[in-house]
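Student: for reference, the sequence and a predicted model appear below.
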Amino acid sequence: MTAKLSVLKPLFRFTLLLMAVFMLSRIGLLIWQQQRLVDGDSLAVLMGGLRIDLSSLGYLSALAVLMLLANVFLRSKTALFQHAFTLYSSLVVTLIVVVEASTPAFINQYDVRPNRLFVEYLDYPQEVFSMLLNGHLLAMISSLIIATLSCVFTYRFISAAFSKQQNTKKVSQVVILVTTLLVCLISARGTVSHRPLNPALVYFSSDSLVNSLALNSTYSVAFAIKNMGNEKNASSLYGTMPRNEILQTVKQAAYKQQFITESIPTLANNLPFNTGKQKNLVIILEESLGARFVGELGGIGVTPELDKLYQQGWGFDNLYATGTRSVRGIEAVTTGFTPSPSRSVVKLSKSQRNFFSLADVLTRTGYTTQFIYGGESHFDNMKSFFLGNGFSDIVDINDIQSPEFISSWGVSDEDLFNQADKELNELNKTGKPFFSLVFTSSNHDPFDIPEGKVTLPDGHDPENYKRDLAIKYADYALGKFIAKAKTQNYWQDTVFLVVADHDVRVFGSEPVPLKSFHIPAVILNSDVKAKRDTRLVSQIDLPATLLSLLGVGQATPMLGYDLTKQYPVERAMMQYYDNFAYVENGEAVILMPNQKVSYWRYDTTNKSQVAIDKPTTDLNLAKKALAHVLFSNLAYTEKLYRLPNKS
């Protein structure tokens, strides 16, 4: 490097390290995921990745250049700014190495690079650290070693660049550095068009994982943080539609007899199935339980107790979750709200009070309402959302006396259900109807469960042995609780719903791999005779159905179907990161960023998902999909999803 350019030597070394980490990580991921790639994908990923990496370098280097400029102008503070530059470079490189090193584990779980989920979990350091300590100790130690080595190497490598610099004129150094800063800013923007670079500009595949490989994980996480600060508006991703057309479309698709008021456009009455005494309600929300594990649904058969319940109650063979996180499942099951690319309403600010929920409508009808969780109820903002929207009592780990086993996420499911049985008996003694939501956690990574409770047969898949054992334990605890509940006084007048929040992980090359959203649900002790329901249904249909079974006919704004009735269509909808799927009568439309649309034929029997050119059963399928995902944003923003007298 010439004497004039020696001022850039520290920056050159910094960017060289960053580019090496980005490119080596991406190449490694491409080799690992080669079975997901088709001809030309690798080149497209590398070319798109180069654009993203250069943009990342631009952002990260701009501050470094400012430090070098300060170093030139303030000669008396040279040591200070050189140390600041070296420390900044070391920390940035180390952080990026750690994020890239954690990427394979994240992909294994979520089938995509680290994104907003990576950030959201950081809000709960105690739970995350406990999970890592108990289930991923080797990975955590390896990451710490890699981080330490990266930090030490980078610090020495950058420091050496300063010690070997040659003296040049101050004016020349300023010109070079200002020019470099401009190059960094242009590089950061990534394009000369009207809008700056964003992930959609390098996406080319219908496979979300392949698209994410074109990013680097630091950029992916940073982009998620940016969007969390300015929640995603569906119209910016999928397109716009006039307000009246949105409301008209979703109201027509809801098949309600009459809507009551324009101030709450979807508010409508529903004649309940139960016309006798109002019943109690218990919802058991099972953590991460996909249909693939349930024998009665064609799964691997590690849920013998749930299989028995399917034979005893109203079992749903084709129920689909709305998302991939617990808060999305909570949103669907307790509020019936349609999913969106934004965060779940459980975590959004405008829905923390006066947002419709089962608890809110049941409280108005004279019910006592309660949430029971074996961990910290503040996790994922559950406590705040529930207390602001109708739940009068919260029971969590702090209220469970002498639990026998505590894991990373809270007490075991057995301890949770023992507490639930006590709570339900106390509620029953009051003589008032009650609603209790019980949320399990034993089936959660790192799958830490009591020993000796359950076993798996010899030869069971060793790769997933610990996960499957945890699922079988959760099933064992559920069966034990239901058997006990049947002997209690509260059983006679209580409807039970057992449903999963989501599958343990979602994976597939499709923009929304529909089969991975298939979950179990069974309703027990209702006035509906035991049967198997083969209709395609959604999680958002469950709260409307439950109110009907309880005998509650109060008007609600829910768009979900009352499944005690028959409808002209069978439909479900789900959100998978930035992609939204709307499935109706065996065909699906998937909306993607930049207003991209794809159509698919989906067979619920064999879980096959085949791309088609256009829908054949309903040419307005894309319009329905767009209206529903835009309704979520509209209803949240304008506070339209509420009960009367709630503003």
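Tutor: Structure received.

Student: would you map the helices across the stretch 501-647 of the chain?
Tutor: 541-550, 621-637 (DSSP state H, counting those that start in this stretch).

Student: which helices and strands sit right next to the last one?
Tutor: Secondary structure elements in contact with helix 621-637, counted by 3 or more Cβ pairs under 8 Å, 6 or more residues apart in numbering; DSSP states H and E, are helix 234-238, helix 243-254, strand 571-576, strand 579-584, strand 587-592, strand 596-603. To be clear about C-beta, it is placed using only N, CA and C from the backbone, and glycine gets the same treatment.

Student: buried residues in stretch 637-647, which are they?
Tutor: Going by neighbour count (16 or more other Cβ atoms under 10 Å), the buried part of stretch 637-647 is Leu640, Tyr641, Arg642, Leu643.

Student: what do you get for stretch 30-37?
Tutor: Buried residues in stretch 30-37, counted by 16+ other Cβ under 10 Å: Leu30, Gln33, Arg36, Leu37.

Student: contacts for that stretch next, please.
Tutor: Identification of contacts with stretch 30-37 by Cβ atoms under 8 Å, 6 or more residues apart in numbering yields Ser42, Val45, Leu46, Pro104, Ile107, Asp207, Leu209, Val210, Leu213, Ser509.

Student: can you give me the helices for the stretch 101-250 of the chain?
Tutor: Listed in chain order, the helices of the stretch 101-250 of the chain (DSSP H, counting those that start in this stretch) span 116-120, 125-135, 137-163, 170-189, 208-213, 217-229, 234-238, 243-254.

Student: and among those, the most buried is which?
Tutor: With neighbours taken as mean count of other Cβ atoms under 10 Å, these reach their highest mean count in helix 208-213, at a mean of 25.

Student: thinking again about what came up before, what about the buried residues of stretch 30-37, which are in helices?
Tutor: Counted as lying in helices by DSSP state H, out of these, are Leu30.

Student: quick check, nearest of the buried residues of stretch 30-37 to Met592?
Tutor: Checking the buried residues of stretch 30-37 against Met592 with Cβ to Cβ, the nearest one is Arg36 at 17.5 Å.

Student: any figure for the gap between the closest one and Leu215?
Tutor: With the distance defined as Cβ to Cβ, to the nearest Å, Arg36 ends up 15 Å from Leu215.

Student: please apply the same query to Asn645.
Tutor: Taken as Cβ to Cβ, the spacing of Asn645 relative to Leu215 amounts to 47 Å.

Student: same question, Phe385
Tutor: According to Cβ to Cβ, Phe385 and Leu215 sit 31 Å apart.

Student: quick one: low-confidence ranges for the stretch 151-300 of the chain?
Tutor: Applying pLDDT under 70 to the stretch 151-300 of the chain picks out residues 163-168, 193-195, 200, 206, 227-232.

Student: swap in the stretch 1-150 of the chain?
Tutor: For the stretch 1-150 of the chain, the stretches with pLDDT under 70 are 1-4, 75-78, 122-128, 131-132, 134-136.

Student: turn the buried residues of stretch 30-37 into TSV, including distance to Met573.
Tutor: Formatted as TSV, the buried residues of stretch 30-37 follow (distance: Cβ to Cβ, whole Å):
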residue	distance to Met573
Leu30	33
Gln33	28
Arg36	25
Leu37	29
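
Student: just the closest of the buried residues of stretch 30-37 to Lys531, please.
Tutor: Using Cβ to Cβ, Arg36 is the member of the buried residues of stretch 30-37 that sits closest to Lys531, with 39.6 Å.

Student: ok, the buried residues of stretch 637-647 vs Asn115, which is closest?
Tutor: Among the buried residues of stretch 637-647, and counting by Cβ to Cβ, the member closest to Asn115 is Tyr641, at 26.2 Å.

Student: what's the closest non-adjacent residue to the closest one?
Tutor: Closest residue to Tyr641 apart from its sequence neighbours, by Cβ to Cβ, 6 or more residues apart in numbering: Ala635 at 4.2 Å.

Student: who are the contact partners of Ala530?
Tutor: Ala530 makes contact with Gln311, Gln312, Gly313, Trp314, according to Cβ under 8 Å, 6+ apart.

Student: what do you get for Gly49?
Tutor: Shown in contact with Gly49 (Cβ under 8 Å, 6+ apart): Phe22, Met23, Arg26, Val202, Leu213, Ala214, Leu215, Asn216.

Student: surely the last one touches Leu57?
Tutor: In other words, Asn216. No: Asn216 is beyond contact range of Leu57, at 10.1 Å (criterion: Cβ atoms under 8 Å).

Student: okay, the two: which has more neighbours?
Tutor: Comparing Asn216 with Leu57 by other Cβ atoms under 10 Å, the one with more neighbours is Asn216, at 28 against 21.

Student: list the contacts of the closest residue to the more buried one other than its chain neighbours.
Tutor: Distances taken as Cβ to Cβ, 6+ apart place Phe22 nearest to Asn216, at 4.6 Å, with adjacent residues excluded. Counting by Cβ under 8 Å, 6+ apart, Phe22 touches Gly49, Asp53, Ser56, Ile96, Glu100, Asn216.

Student: assign the second one to helix, strand or coil.
Tutor: Going by DSSP: H, G, I helix; E, B strand; the rest coil, the secondary structure assigned to Asp53 is helix.

Student: residues near it, how many?
Tutor: Other residues within reach of Asp53, judged by other Cβ under 10 Å, total 24.

Student: what's the answer for the one 3 residues further on, then?
Tutor: Other residues lying near Ser56 total 23 when counted by other Cβ under 10 Å.

Student: I'd guessed it sits against Ser217; true?
Tutor: No: contact between Ser56 and Ser217 fails when scored by Cβ under 8 Å: they sit 10.2 Å apart.

Student: for the helix or strand harbouring Lys472, buried residues please.
Tutor: Using DSSP states H and E, Lys472 sits in helix 465-485. Under the neighbour-count criterion of 16+ other Cβ under 10 Å, helix 465-485 has 466-482, 485 buried.

Student: repeat that for stretch 593-606.
Tutor: Of all the residues in stretch 593-606, those buried under the rule 16+ other Cβ under 10 Å are Pro593, Lys596, Ser598, Tyr599, Trp600, Tyr602, Thr604.

Student: could you do stretch 380-392 as well?
Tutor: For stretch 380-392, burial by neighbour count (16+ other Cβ under 10 Å) applies to Asp380, Asn381, Met382, Lys383, Phe385, Phe386, Leu387, Asn389, Gly390, Phe391.

Student: so which of the contacts of Ala530 belong to helices?
Tutor: Using DSSP H, the subset of the contacts of Ala530 located in helices is Gln311, Gln312.

Student: from the contacts of Ala530, which would you call buried?
Tutor: Buried members of the contacts of Ala530, counted by 16+ other Cβ under 10 Å: Gly313, Trp314.

Student: this completes my enquiry, with thanks.
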